[in-house]
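Peer 1: Mind looking at a prediction? Sequence and model below.
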Amino acid sequence: MAAPVEIAPGCLWWAGWLDRGGQESLAEELREILIRAPLFTPRMPRTGTPFSVRMSNCGPLGWVSDETGYRYQPTHPETFEPWPAMPDVLTRTWAELAQTALAPEACLINWYAPGARMGLHQDRDEREFTAPVLSLSLGDTAVFRIGGTSRKDATRSIRLESGDALVLSGPSRLAFHGIDRVIAGSSTLLKQPGRINLTLRRVNPGDAGEIPPP
């Protein structure tokens, strides 16, 4: 396994983690998942303002956002069906890169159409912070920005290309991060311009059979 680039303490970047064949296979699996769990538009708590990204999930739990708040739940908010299982390639990638005995419980599927973005935010709706957040990029290149645990901290930007993997762990687990823009037409992987970001997370503390390493 190639060594990652550490772009901030605990933020590890593997450029080209998935080769083209792996990307194509995963994209095809995601098309099937999205037939069963269609993309929906999340909304901001209280205001109901829609996100610019559309979203779905796979795995035992899925992250949703609406006027009542952010939360994880076992069913799709519109079909009320359980989320589909994660593709094997995602659980294998977690096993290789996450460096934890805790299994992922949720995989967010974010669809960035041209013009979509994601403002600086922290991933802190989980109950377990010893496990990292792991993301995989498919499709068009995104300008990813990461700072520290305060909004006032300095930030750094990199370009995440199709097939790249990124881990937020340790000091970066609660770092503010976001997507400033997506570079339309920078990839030929998907059938239309845009980007898919897959974000794997552990939500709940482990039981006796899942003890994280010290």
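Peer 2: Thanks, I have the structure now.
Peer 1: drop to CA atoms for contacts and neighbour counts, all remaining ones
Peer 2: OK.
Peer 1: How far away from the center of its chain is stretch 104-121?
Peer 2: 6 Å (C-alpha atoms, centre = their mean, to the nearest Å).
Peer 1: List the buried residues in the lengthiest helix in the chain.
Peer 2: For the chain, the longest helix by residue count, based on DSSP state H, is helix 20-36. Under the neighbour-count criterion of 16 or more other C-alpha atoms under 10 Å, helix 20-36 has 23-24, 26-27, 30, 33-34 buried.
Peer 1: next one: stretch 47-63
Peer 2: 51-63.
Peer 1: mind listing the strands for this structure?
Peer 2: Here the chain has its strands, by DSSP state E, at 5-8, 11-14, 54-58, 62-66, 69-73, 106-112, 118-121, 133-139, 141-146, 156-160, 165-168, 177-183, 195-201.
Peer 1: Can you list the buried residues in the fifth one?
Peer 2: Right, strand 69-73. 70, 72.
Peer 1: Distance to Leu189 and mean pLDDT added to the strands of the chain, as TSV?
Peer 2: TSV is the format used below for the strands of the chain (distance: least, C-alpha to C-alpha, whole Å; pLDDT from 0 to 100):
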stretch	distance to Leu189	mean pLDDT
strand 5-8	24	96
strand 11-14	19	98
strand 54-58	19	98
strand 62-66	25	97
strand 69-73	30	97
strand 106-112	14	98
strand 118-121	22	95
strand 133-139	5	98
strand 141-146	11	98
strand 156-160	14	98
strand 165-168	16	98
strand 177-183	14	97
strand 195-201	9	98
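Peer 1: State the pLDDT value of Gly59.
Peer 2: Here the pLDDT value assigned to Gly59 is 98.
Peer 1: mind starting the numbering at 299 from now?
Peer 2: Got it, the first residue is 299 from now on, which makes the last one we talked about Gly357.
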